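Q: Attaching a predicted model along with its sequence, questions to come.
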Amino acid sequence: MLTEWDRILPDFMAWSKIRLNNTKPIMINQAAGDSETNNNDDGSMNSINDDGVLNIYWSHLPEDVMDRIFSCLPLTSILRLRCVCKRWNSLVQSKRFQTVLAKVSSPRPWFILCTMGRASCCYDPSMNKWHIIIRPPNNCRSILSPCTSILAVSGSLICLGNQVSECKDLSICNPITRSQRNLPRMLQVSLIHKVTMITYPGSNNNWYKIMVSGESGLPTMRSVPYNYELFTEVYDSVTNSWKMCGKPLAEAKFGTDPGVWCNNHLYYCITELPYGMVVFDMETESWADLNVQMPSSLSSPSLVECHGRLLMIGRLSHMDQISPARDQNDSNIPRIIIWELDIRNKEWVEIVRVPTEICRDFSLTLQFYAPFVCSGLGNHVYITTHRNPHVLVHDLCKNTWQWLPSDPFFPRRRDYHLLGFALEPRLDSCP
């Protein structure tokens, strides 16, 4: 099967034999190592190779050929190309190259762990390593939002705002290119409870929506306990405007669950007893209580979406374990289970249990009530908590488990604000 490099190699080799008048021959060492290289600002490379394998005039290569060559590189290598010279920096940021890159490669999503502050860490599965990403400085108009953090992620875009104090302004950012823009001010919500973002496929990140639920202001002590009213607003990037939608259910307690989009519906798991689920229908712009039976003895439920499948990760106390433990110590270890929602029969179906030895290692540093931080990336489910230095990954197709390398932020940047999302590393600008 031909790779993209095999397809462009004839063009590449043809241009490598060109010699133009009044220019020096350019030589690239194919056997990496034995060359001396000087980088010029115009994109040319003067290198000396004893073997004299290739003579290439990089500064005169057509840009469409360079686009196809660069598009075969990993994203991290493409970002380094921007530091070589002005021409390459301009080429990598051009819309033409973005189009070629989107056709040639579809990078695997990264698992991003974020909390309050400007720094986040992303796990790159293609390189099996963590990257540290520093988001741009806050440029929101509101002076009441000094503690801006990542609230939601979809596609290659992140939504920034303040979920701690009053905030009526949100912004969108691509953490790879560091491009950022402010959204119009929200109509009613000024104290955010939940933010969820969806990017529509095929729109190249140009069409996305953001759903915000929250209060219209800080609570006033008119009654004890305080009864607040939640509002829902939806932002549409096509119209560049906010729209008021149906009010959330009064009894809905969203808790720590960030919510997930699945088949154009937004699902939230109620993380306070009694557990349950609420759903927001984007087409009807209304909320509803999803009458689905939750597993008994459930603790710390968290939702993820994998290829249109709505999954729930949670703990099951030892009092309700179906399979007997091999010894007395194992019987005290809460089991971690993954369920899938059968929307037709309105029930959760158990699909896999984390092996006992993995549960033991995972639960050593945990307290029973510690919430899970989970995300679905393709066919993989990522599971961790703010108290655990490890991230556990389950492959739904191969039914395998693996540990990721320890993230660079543990433990000093791990707290109860920790969130996990799937991020598509792309070079798009903010639409």
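A: Here it is on my side, so go on.

Q: Spatially nearest residue to T384, not counting backbone neighbours?
A: Excluding its sequence neighbours, the residue lying closest to T384 (C-beta to C-beta, 6 or more residues apart in numbering) is V391, at 4.4 Å. For glycine as for every other residue, the C-beta is placed from the backbone atoms N, C-alpha and C.

Q: what's around the one you found, how many residues?
A: Here the number of neighbours of V391 (other C-beta atoms under 10 Å) works out to 24.

Q: Relative to K168, how far out is it?
A: Applying C-beta to C-beta, to the nearest Å, one obtains 34 Å for the distance of V391 from K168.

Q: do the same with M127
A: 39 Å.

Q: coming back round to it: can I assume the residue nearest to T384 is in contact with F410?
A: No: under the criterion of C-beta atoms under 8 Å, V391 lies out of contact with F410, with a separation of 9.8 Å.

Q: Am I right that V100 falls within a strand?
A: No: judged by DSSP: H, G, I helix; E, B strand; the rest coil, V100 forms no part of a strand; its state is helix.

Q: contacting residues for it?
A: Contacts for V100 (C-beta atoms under 8 Å, 6 or more residues apart in numbering) come out as D64, D67, R68, S71.

Q: mind checking the end-to-end distance for stretch 163-176?
A: The stretch stretch 163-176 measures 23 Å between its terminal residues, going by C-alpha to C-alpha, to the nearest Å.

Q: Same question for stretch 81-95.
A: Taking C-alpha to C-alpha as the measure, stretch 81-95 stretches 16 Å from start to finish.

Q: and it, how far out from the chain's middle?
A: Between the mean C-alpha point of stretch 81-95 and the mean C-alpha point of its chain there is a distance of 25 Å (C-alpha atoms, centre = their mean, to the nearest Å).

Q: cool, stretch 71-81 as well?
A: Once both centres are worked out by C-alpha atoms, centre = their mean, stretch 71-81 turns out to sit 19 Å from its chain's centre.

Q: average pLDDT for it?
A: Mean pLDDT, stretch 71-81: 82.

Q: Who are the contact partners of P258?
A: Shown here is P258, whose contacts under the criterion C-beta under 8 Å, 6+ apart are A152, K194, T196, L419, F421.

Q: In those, find the pair that's most separated.
A: In terms of C-beta to C-beta, the contacts of P258 reach their longest pairwise distance at K194 and F421, which sit 14.0 Å apart.

Q: Tell me which of the two has more neighbours.
A: For K194 and F421, the more surrounded residue by other C-beta under 10 Å is F421, and the numbers stand at 26 against 23.

Q: Which of the three states applies to the more buried one?
A: The assignment at F421 comes out as strand when based on three-state DSSP.

Q: Correct me if wrong: it contacts C114.
A: Yes: contact between F421 and C114 holds when scored by C-beta under 8 Å: they sit 7.3 Å apart.

Q: Can you check which residues contact both of those two?
A: Taking C-beta under 8 Å, 6+ apart as the contact rule, F421 and C114 both touch I150.

Q: still on that earlier bit, want to throw the contacts of V100 into TSV with neighbour count?
A: Compiled in TSV, the contacts of V100 are given as follows (neighbours: other C-beta atoms under 10 Å):
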residue	neighbour count
D64	13
D67	20
R68	22
S71	21
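
Q: Give me the subset of those that lies in strands.
A: Using DSSP state E, no member of these falls in strands.

Q: Provide a list of residues in contact with C159.
A: Taking C-beta under 8 Å, 6+ apart, one finds I150, L151, A152, V153, L170, S171, I172, V195, M197, I210 in contact with C159.

Q: Could you rerun that using 10 Å?
A: If you count contacts by C-beta atoms under 10 Å, 6 or more residues apart in numbering, C159 has them with 150-153, 170-173, 183, 195-197, 208, 210, 212, 235.

Q: for the residues you listed, which one is nearest L427?
A: C173 (13.5 Å).

Q: how close does that closest one get to G259?
A: On the measure of C-beta to C-beta, C173 and G259 end up 20 Å apart.

Q: Beyond the helix or strand where M197 lies, next helix or strand please.
A: Under the assignment given by DSSP states H and E, the secondary-structure element containing M197 is strand 191-199. In the C-terminal direction, the helix or strand that comes right after strand 191-199 (DSSP H and E) is strand 208-215.

Q: Output that following strand in PDB, but only the C-alpha positions, please.
A: The C-alpha trace of strand 208-215 is given here as PDB (Å, rounded to 0.1, in the frame of the first residue of the first chain):
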ATOM      1  CA  TYR A 208     -19.400  25.000  16.600                       C
ATOM      2  CA  LYS A 209     -21.900  25.600  19.500                       C
ATOM      3  CA  ILE A 210     -21.400  26.300  23.200                       C
ATOM      4  CA  MET A 211     -24.000  25.600  25.800                       C
ATOM      5  CA  VAL A 212     -23.800  27.500  29.100                       C
ATOM      6  CA  SER A 213     -26.000  27.000  32.200                       C
ATOM      7  CA  GLY A 214     -25.700  29.300  35.100                       C
ATOM      8  CA  GLU A 215     -27.200  32.000  37.300                       C
END
